[in-house]
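# Need coordinates for the following:
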Amino acid sequence: MSDYLVRATAAQGYIRAFAATTRELTEQARQIHETSPVATAALGRLMTGGLMMGSMMKGDKDLLTLQMQGDGPMRGQIVTVNARGQVKGYVYEPGVLLPPNALKKLDVGGAIGNGTLTVIRDLGLKEPYTGSVELVNGEVAEDLTYYFAASEQTPSAVGLGVLMNLDNTVRRAGGFIIQLMPFIADEVTDRLEEKLSAVSSVTSMLDADMSPEDILQELLGWAGLEINDTMPLSYHCDCSRERVEKALISIGDKELDKLIAEGETIEVGCEFCGKRYSFETEQLKELRGCAAQRER
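Now for the predicted structure:
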């Protein structure tokens, strides 16, 4: 099953819902970054949540960045998505290894630790919107749930999961977001809470071959679920040599002078996809000229 997302409504529009399957893009990220199982789970969860949040944006060029920073051994992770279902991300310490948590599951919360979740929405305005909250437990889903309530005043239920094979490849990945609109009836909220409390885990639903539509039907079928549309999802990095050149120019001629004085070819790597860009001394001199013109 290729990765995709569904958008839906229920309860006559008083509930909006999203669900996604993200196994392929999570496995691609694992291969790019050579992440450990717990780091793969952390990144897969945040990418899945980010993609569903990104699908809420309306502008084709809008960007959403999610950054988790903590005092755990993984230190944190960062994910960027656009409104077209494309995502990229990385964790700060991809090789971190931890024993299972008390529930005998991958200890994502222990890997991230205590810290903050920052959400940056670049909607093409003069300044991006930035919201930040303390992490609830570092397990990602609960942290996003708290962010929606604290920063956007939108009651939400977020479920995310990544299931690994014994060879440390990704077996399943996906999740859902269910949001309640203002003035929703109390009896609808109560029924939804009952359905959510009956779910053992997102990974159990995914491993039962439930599609995103199946997951939403299980949770919201009683409320007149209506699937509105679907969107393909993919891991995509938009780095280029031109972007790296602009980044080097932005450091200024003094810093470039130091690199030129060393007389060696430098390599600049993209943290999102691992691609490397080489610049010889003569090429750095050309960039220095551009930097000098910018500073005049």
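# for the stretch 151-296 of the chain, what are the low-confidence residue spans?
290-296 (pLDDT under 70).
# please redo it, this time with the cut-off set to 50
296 (pLDDT under 50).
# Okay, strands next: where are they in it?
Using DSSP state E, counting those that start in this stretch, the strands of the stretch 151-296 of the chain run over 156-164, 170-180, 226-232, 234-235, 266-269, 276-279.
# Turn those strands into JSON lines, columns for mean neighbour count and distance to residue 69.
Placement of C-beta: from N, CA and C, glycine included. Shown next, in JSON lines, are those (neighbours: other Cβ atoms under 10 Å; distance: least, Cβ to Cβ, whole Å):
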{"stretch": "strand 156-164", "mean neighbour count": "24", "distance to residue 69": "19"}
{"stretch": "strand 170-180", "mean neighbour count": "25", "distance to residue 69": "22"}
{"stretch": "strand 226-232", "mean neighbour count": "13", "distance to residue 69": "29"}
{"stretch": "strand 234-235", "mean neighbour count": "19", "distance to residue 69": "22"}
{"stretch": "strand 266-269", "mean neighbour count": "13", "distance to residue 69": "21"}
{"stretch": "strand 276-279", "mean neighbour count": "14", "distance to residue 69": "26"}
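# how about CSV for the ones you listed, with distance to residue 256 added?
Below are the strands of the stretch 151-296 of the chain laid out as CSV (distance: least, Cβ to Cβ, whole Å):
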stretch, distance to residue 256
strand 156-164, 42
strand 170-180, 41
strand 226-232, 41
strand 234-235, 32
strand 266-269, 10
strand 276-279, 10
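# Go through the ones you listed and name the closest to residue 138.
strand 156-164 (12.5 Å; Cβ to Cβ).
# what's the angle from that closest one to strand 170-180?
For strand 156-164 against strand 170-180, the angle by axes from the mean of the first three to the mean of the last three Cα atoms, to 10 degrees is 180 degrees.
# what helices or strands is strand 156-164 leaning on?
Judged by 3 or more Cβ pairs under 8 Å, 6 or more residues apart in numbering; DSSP states H and E, the packing partners of strand 156-164 are helix 37-54, helix 141-151, strand 170-180, helix 186-197, helix 202-207.
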